[in-house]
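>>> kindly generate the corresponding structure for this input.
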Amino acid sequence: MINPVLTVHVSTVLLSISGFIFRGILHFRGSDLVNRKWIKITPHVIDTVLIISAIILLIQSGLNLLTTPWLLAKVIALILYIALGLIAFRFGKTTYVRMLAWSAAILLFAYICAVAVTKNPLLLF
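Modelled structure (predicted):
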């Protein structure tokens with residue numbers, strides 16, 4: 001049987017990264033759309049649902065964050081992803097730094113997804 005919380009989690013993962021990429025494209029093209037209220041609020045709603053579903057899945061699984069290396073790697077990578085997103089959209093001083101942070105965040109997001117699928121924080125090793 002498919003876990004509905006997992007379905008919500010995976011769906012919000014896809015919405016979250018799609019929105020991040022979309023906002024980045026708008027931002028770097030200088031679009032006024034980035035200032036629309038719904039574009040500013042929607043990511044917070046999606047990411048809140050994403051984090052809540054992750055916590056519920058953690059509770060359901062009975063896994064211990066500190067003794068499960070792949071899960072700990074995901075959480076650390078998530079914190080770095082958030083930091084890179086802040087640099088990309090708020091704190092980067094130059095367009096180059098912002099684009100570099102945005103690109104690195106996307107790669108880090110891919111890492112998080114790969115770790116989630118493989119349950120291996122080292123991926124290739």
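>>> in the chain, which spans are helices?
For the chain, the helices identified by DSSP state H occupy 4-29, 37-61, 69-86, 95-118, in order along the chain.
>>> save those as CSV, and put in mean neighbour count, mean pLDDT and distance to L124 too.
The C-beta positions use only the backbone N, C-alpha and C, and glycine is treated the same way. Rendered in CSV, the data for the helices of the chain read as follows (neighbours: other CB atoms under 10 Å; pLDDT from 0 to 100; distance: least, CB to CB, whole Å):
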stretch, mean neighbour count, mean pLDDT, distance to L124
helix 4-29, 16, 96, 22
helix 37-61, 14, 95, 25
helix 69-86, 16, 96, 14
helix 95-118, 16, 97, 10
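>>> report the contact partners of Y111.
Y111 is in contact with 77, 123, counting by CB atoms under 8 Å, 6 or more residues apart in numbering.
>>> from I56, how far out is it?
23 Å (CB to CB, to the nearest Å).
>>> who are the contact partners of F28?
95, 98-99, 102.
>>> which one of those is nearest to S11?
Distance ranking of those against S11, using CB to CB, places W102 first at 22.9 Å.
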